[in-house]
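Asks: predicted coordinates and the sequence they were generated for:
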Amino acid sequence: MVAMPSQGRALTPAEQAAQAAAIQKMQNKQFMALSINHEVLSQQANGGANQQAFAAGQALTWNVTTSNNSFLTGFWVQCAFTANLAAGTGSPVYALNAAAPLSLIDSIQVVYGAVQHNFRPYILKYLSQLLGANRQIQPRAVIAGQQDTYLQSYYSSAPFGTATGNNTYNFSFYCPMNLIHPQDVRGILPIQYGETTCQVVVNCAGQAYGTDPILNTFTSTGGSGGQGATITGNIKLIQIYKDGQSYSQLTALQPNLSGIQTVQIQRDAPLNNLAAGQIFRNKVSYLNKIPWLFVVVVDGIASNKFASTSNIAYIDTTGDQAGNRPFTKYGLNTNLDVREFYTDLSGAMGGILQQDFDEGFFPLVCGPISQQADASLMEGQAYLDCTIESGWTDFHYGFQVTSTGSLANPGPRLEPHVIMLNNPLVM
């Protein structure tokens, strides 16, 4: 709360700045909370089509539709696929890999002047879980309460089949632009005519069949000869935007983005050639404040999971590469079981999320939900500060696995994603 000066006294420059910041924050919060969400199909960048055909290994680009005084707040990627699993010569038996079905989309970029977002869609499944207790995962699936089958089938055709021949793979997933809080403008992108053109690039998976738990969707658990998967179908992009129109007032609401940082989700540099029996540490390469840091450990032993929890021998986070400035340590030589890593999230009293994650996924920084009475408040401020001015510029995370296998290609590795605050947009 901003203290007001006594009556009749001129505001000091510091008080003026604080008052202006408070007014800006309230204006932006009202825009996000009161403006109606509008939906529209985005069109193909080089042809105007409302949908594009899946093409293995190819990039599909959409232009975000412009609208007066509007801001992109998120988008749905809607996939309507048929997965044809080859009959082969030895009666193959197929199974889904760990990141399926979202692994049918290799990655997504959002381009606004520069690349604002670059991520693998499967990470959204876990971001959804982290936003509150018993939250739905992506693709949409009701985990508690009543289910409307007709509505549910619109969002997802799960359970997804693995029979030889044609299998329906219809699913949708949502990508928010404001990744910190629903009423926070940081991350929304201007899409009015005359601004920088916003584009969304959807990269189709190069190989649907294989044993890598992230890069491939299907593998064989039996049979011999002629195994494979062919994906056909279409992808639509449905953008969600706000233009200030509101049920609560006649005049349009407007945000004030002057000096406001943006929010980006980015794939950080992976650590490849993960080997067994020793600690491997990887550095966070972004020198920003980081509300969320996710690391997926791929041990290459099984394709239906990234890495078994029982195969993780050690975890740490440190302020240097040598590990001499630790923040957290679990596992070997610590007297703490690795499973204690999950105590706050899914342990004591049910944890703040009241559900478990897939094996091999490790949310190392959870700033917006850290120490909150209810995770869905998302008002925590325990961000990892890696800025040059005041932060841990040599922040590392370390993992040791007991054993590795050969099923992953490009091999056992650590795959990180960060959600970070960056400089204000240039508009």
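Replies: Now that the structure is in, tell me what you want to look at.
Asks: got a list of contacts for the least confident helix or strand in the chain by mean pLDDT?
Replies: Using mean pLDDT, DSSP states H and E, helix 149-155 stands out as the lowest-scoring helix or strand of the chain, at a mean of 88. Under the criterion C-beta atoms under 8 Å, 6 or more residues apart in numbering, residues 139-142, 170-172 lie in contact with helix 149-155. No exception for glycine: its C-beta is placed from N, CA and C like everyone else's.
Asks: could you rerun that using 7 Å?
Replies: Outside helix 149-155, the residues within contact range by C-beta atoms under 7 Å, 6 or more residues apart in numbering are 139-140, 142, 172.
Asks: can you give me the strands in the stretch 51-200 of the chain?
Replies: Ranges of strands within the stretch 51-200 of the chain are 51-53, 59-63, 71-85, 93-96, 105-112, 114-119, 165-176, 189-190, 198-204, based on DSSP state E, counting those that start in this stretch.
Asks: ramachandran coordinates for residue 417?
Replies: With angles defined as degrees, to the nearest 10, residue 417 sits at phi -130, psi 140.
Asks: quick one: it and residue 267 touch, right?
Replies: Yes - here residue 417 reaches residue 267: they are 5.7 Å apart, a contact under C-beta atoms under 7 Å.
Asks: more crowded one of the two?
Replies: Neighbour comparison, residue 417 and residue 267: the larger count goes to residue 417, with 22 against 16 (by other C-beta atoms under 10 Å).
Asks: mind listing what the more buried one touches?
Replies: Applying C-beta under 7 Å, 6+ apart, we find residue 417 in contact with 119, 123, 265, 267-268, 294.
Asks: residue 83 against residue 231, yeah?
Replies: Yes - with contact defined as C-beta under 7 Å, residue 83 reaches residue 231; the gap is 5.7 Å.
Asks: and the strands of the stretch 51-200 of the chain as a markdown table, adding distance to residue 413?
Replies: Formatted as a markdown table, the strands of the stretch 51-200 of the chain follow (distance: least, C-beta to C-beta, whole Å):
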| stretch | distance to residue 413 |
| --- | --- |
| strand 51-53 | 30 |
| strand 59-63 | 23 |
| strand 71-85 | 25 |
| strand 93-96 | 20 |
| strand 105-112 | 16 |
| strand 114-119 | 16 |
| strand 165-176 | 24 |
| strand 189-190 | 31 |
| strand 198-204 | 19 |
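Asks: among these, which comes closest to residue 241?
Replies: In terms of C-beta to C-beta, the element of the strands of the stretch 51-200 of the chain nearest to residue 241 is strand 71-85, at 5.2 Å.
Asks: mind listing what's buried in the closest one?
Replies: If you call a residue buried by 16 or more other C-beta atoms under 10 Å, then strand 71-85 has these buried ones: 71-81, 83-85.
Asks: any idea how far residue 374 is from residue 32?
Replies: According to C-beta to C-beta, to the nearest Å, residue 374 and residue 32 sit 20 Å apart.
Asks: returning to what we had before: and of the strands of the stretch 51-200 of the chain, who's closest to residue 219?
Replies: Ranking the strands of the stretch 51-200 of the chain by proximity to residue 219 (C-beta to C-beta) places strand 93-96 first, at 5.8 Å.
Asks: who does that closest one touch, helix- and strand-wise?
Replies: For strand 93-96, the packing partners by 3 or more C-beta pairs under 7 Å, 6 or more residues apart in numbering; DSSP states H and E come out as strand 218-222.
Asks: which other helices and strands contact the strand it packs on?
Replies: So strand 218-222, by 3+ C-beta pairs under 7 Å, 6+ apart, packs with strand 93-96.
Asks: contacts for the strand it packs on, please.
Replies: With C-beta under 7 Å, 6+ apart, strand 93-96 has contacts from 85, 160, 162, 217-223, 304.
Asks: ok, stretch 240-251 next?
Replies: 31, 34-39, 67-75, 191, 252-254.
Asks: name the member of the contacts of helix 149-155 with the most neighbours.
Replies: Counting neighbours by other C-beta under 10 Å, residue 139 leads the contacts of helix 149-155 with 24 neighbours.
Asks: which residues sit in contact with the residue lying closest to residue 171 once chain neighbours are set aside?
Replies: Distance criterion C-beta to C-beta, 6 or more residues apart in numbering; nearest residue to residue 171, sequence neighbours excluded, is residue 139 at 3.8 Å. Counting by C-beta under 7 Å, 6+ apart, residue 139 touches 101-102, 155-156, 158, 171-173.
Asks: which of those are buried, as a ChimeraX select command?
Replies: Of these, the buried ones can be selected in ChimeraX as follows, counting by 16+ other C-beta under 10 Å:
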select :101,102,155,156,158,171,172,173
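Asks: what's the farthest-apart pair in the contacts of residue 139?
Replies: Farthest-apart pair in the contacts of residue 139 is 102 and 155; separation 13.1 Å (C-beta to C-beta).
Asks: residue boundaries of the strands in the stretch 201-350 of the chain?
Replies: 218-222, 229-242, 262-267, 271-272, 280-283, 289-298, 312-318, 326-331.
Asks: and for the fourth one, what's in contact with it?
Replies: Surrounding strand 271-272, the residues in contact under the criterion C-beta under 7 Å, 6+ apart are 280, 282, 410-411, 413-414.
Asks: what about residue 167, neighbour count?
Replies: Residue 167 has 18 nearby residues by other C-beta under 10 Å.
Asks: with adjacent residues omitted, what lies nearest to it?
Replies: What sits nearest to residue 167 in space, not counting adjacent residues and going by C-beta to C-beta, 6+ apart, is residue 161, at 3.8 Å.
Asks: what's the spacing between that neighbour and residue 100?
Replies: To residue 100, residue 161 is 11 Å away according to C-beta to C-beta.
Asks: having no further points to raise, I will conclude here.
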